[in-house]
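Peer 1: Need coordinates for the following:
(one chain, ligands or ions: 3)
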Amino acid sequence: MLVRESLQVYFIMGSNNCRGEPLQVVEQALKGGITMFQFREKGSGAKTGKEKHSLAIKLKQLCNHYGVPFIVNDDVDLAVDIGADGVHVGQDDEPLASVKQRCPKSFIIGVSATNSTEAVQAFQAGADYIGAGPVFPTSTKQDAKLPIGLAGLEEINRLTGETPVTAIGGIHTDNAADAIKAGADGVSVISAISQAESPQQAAQLLNKLTAKKR
Ligand SMILES: Cc1ncc(COP(=O)(O)OP(=O)(O)O)c(N)n1
Ligand SMILES: Cc1nc(C(=O)O)sc1CCOP(=O)(O)O
Ligand SMILES: [Mg+2]
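Peer 2: Residues are numbered from 1 along each chain as shown. Ligands and ions are numbered 1, 2, ... in the order given. Model prediction:
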């Protein structure tokens, strides 16, 4: 599957984001139809060292079973070590050029952008996709920047050529379709799935709301 198609419903999660057992939450999300998964193990109470490594391997195996790409957030060493499908880095993380040098050619490498200047830089530097946001206010990421709104998302989509874009930040079932209308190839969510009563139903609905002729 192309990266653009895999971005349709991108679920991001760490063990501290979910109500239930992480493996069960991710399996439900996979059953519901997520198309990409990012292991983002950071923040208060996050696992480190061997525990983090072991959870990453279990989640990678689960994603492999469902044929869904498994991406690691921030931790390039971990991504390479466990043979992930890719890695996601932000503006304050390891620079894209260095990440590219250290990762296999097949890796999907995503870069965050919070404005059009960062997005154009990421596109010109050869990011495989851009995570644009926060589009809406979010309480999941404490150090998130000010929301760029749908207008900011549209601008990023317009300036980034063929590079696929996923909308992130405050995306839920009530606004996911708006992000697609603004030109995004898909939506990235944490709480919309991880905090849902039924992660499977939330993923299923997000999949329906973001479906378009591709
Ligand atoms: C798909 C996607 N887009 C953006 C981000 C945010 O990355 P970053 O700015 O590095 O922040 P942290 O997630 O590392 O706190 C992302 N993780 N995924
Ligand atoms: C991890 C992350 N990155 C963001 C960015 O703007 O780069 S916003 C965000 C948190 C997304 O969580 P929720 O779907 O619960 O709002
Ligand atoms: Mg980061």
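Peer 1: CA only for contacts and neighbour counts going forward, please
Peer 2: OK.
Peer 1: Now the terminal residues of stretch 71-91, how far apart.
Peer 2: End-to-end distance of stretch 71-91 (C-alpha to C-alpha, to the nearest Å): 17 Å.
Peer 1: go on, stretch 181-198?
Peer 2: 26 Å.
Peer 1: what comes up buried for it?
Peer 2: 182-194, 196 (16 or more other C-alpha atoms under 10 Å).
Peer 1: Taking those residues together, which two end up most distant?
Peer 2: The most widely separated members of the buried residues of stretch 181-198, counting by C-alpha to C-alpha, are Gly183 and Ala196 (25.9 Å).
Peer 1: and the helix or strand hosting Lys52, how far from the chain's centre?
Peer 2: Assigned by DSSP states H and E, Lys52 belongs to helix 49-66. The chain centroid and the centroid of helix 49-66 are separated by 16 Å, computed with C-alpha atoms, centre = their mean, to the nearest Å.
Peer 1: still on that earlier bit, any idea which of the buried residues of stretch 181-198 is the one closest to Gly33?
Peer 2: Ile193 (11.3 Å).
Peer 1: how near is the closest residue to that closest one other than its chain neighbours to Ile12?
Peer 2: The shortest distance from Ile193 to any non-neighbouring residue, by C-alpha to C-alpha, 6 or more residues apart in numbering, is to Pro199 (4.9 Å). From Pro199 across to Ile12, the span is 12 Å (C-alpha to C-alpha).
Peer 1: repeat for Asp85
Peer 2: Taking C-alpha to C-alpha, one finds Asp85 at 14 Å from Ile12.
Peer 1: Repeat that for Gly170.
Peer 2: Counting by C-alpha to C-alpha - Gly170 and Ile12 are separated by 13 Å.
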